[in-house]
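Undergrad: Here is my input, please return the structure:
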Amino acid sequence: MRQSSLFSSVYDACKVFQAKTEMDLYPAMELKKRDLILLEVKLIRYFVKDDNGHYSHHQAQFELQSVSLLHSSDGYESNNSSNYDIRDLHI
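TA: All right, here's what the predicted structure looks like:
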């Protein structure tokens with residue numbers, strides 16, 4: 001079982017998106033609702049056996065590689081509701 005840890009591959013790409021080695025790190029805890037981010041993920045697809053032991057279907061999962069902050073939502077007030085909010089999602 002993997003040990004849980006705080007995700008630290010978050011980069012500040014507000015001025016310019018470039019190689020990760022050229023961008024400053026951004027504190028993950030400072031990301032907030034309405035920030036515009038770019039996710040880099042690794043798609044992992046694998047086959048699954050059914051009850052008869054045959055590979056009958058496959059599943060996929062995303063493994064998060066990095067997050068780049070493209071635009072910070074500094075002026076957003078959390079009290080304002082919007083049609084774009086997801087009901088019952090608490091961030």
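Undergrad: Name the spans of this structure whose pLDDT lies under the cut-off.
TA: Per-residue confidence of the chain (counting by pLDDT under 70) places the weak regions at 1-5, 75-91.
Undergrad: burial of residue 69, as a residue count?
TA: Using other CB atoms under 10 Å, residue 69 has 21 other residues around it. Where you see a C-beta, it was placed from the backbone N, CA and C, and this is true even at glycine.
Undergrad: Which helix or strand contains it?
TA: strand 55-71 (DSSP states H and E).
Undergrad: So residue 47 is in contact with residue 54, correct?
TA: No. Taking contacts as CB atoms under 8 Å, residue 47 lies outside contact range of residue 54: 9.7 Å.
Undergrad: thinking again about what came up before, what's next to the strand holding residue 69, contact-wise?
TA: Under the criterion CB atoms under 8 Å, 6 or more residues apart in numbering, residues 7, 9-14, 17, 20, 23, 26, 28, 31, 35-50 lie in contact with strand 55-71.
Undergrad: Can you give me the distance of the residue nearest in space to the middle of the chain to residue 15?
TA: Compute the mean C-alpha point of the chain, and by CA atoms, centre = their mean the closest residue is residue 39, 5.1 Å away. According to CB to CB, to the nearest Å, residue 39 and residue 15 sit 19 Å apart.
Undergrad: what sits against the closest residue to residue 34 other than its chain neighbours?
TA: Among residues not flanking residue 34 along the chain, residue 73 sits closest, at 3.5 Å (CB to CB, 6 or more residues apart in numbering). When the contact criterion is CB under 8 Å, 6+ apart, the partners of residue 73 are 32-36.
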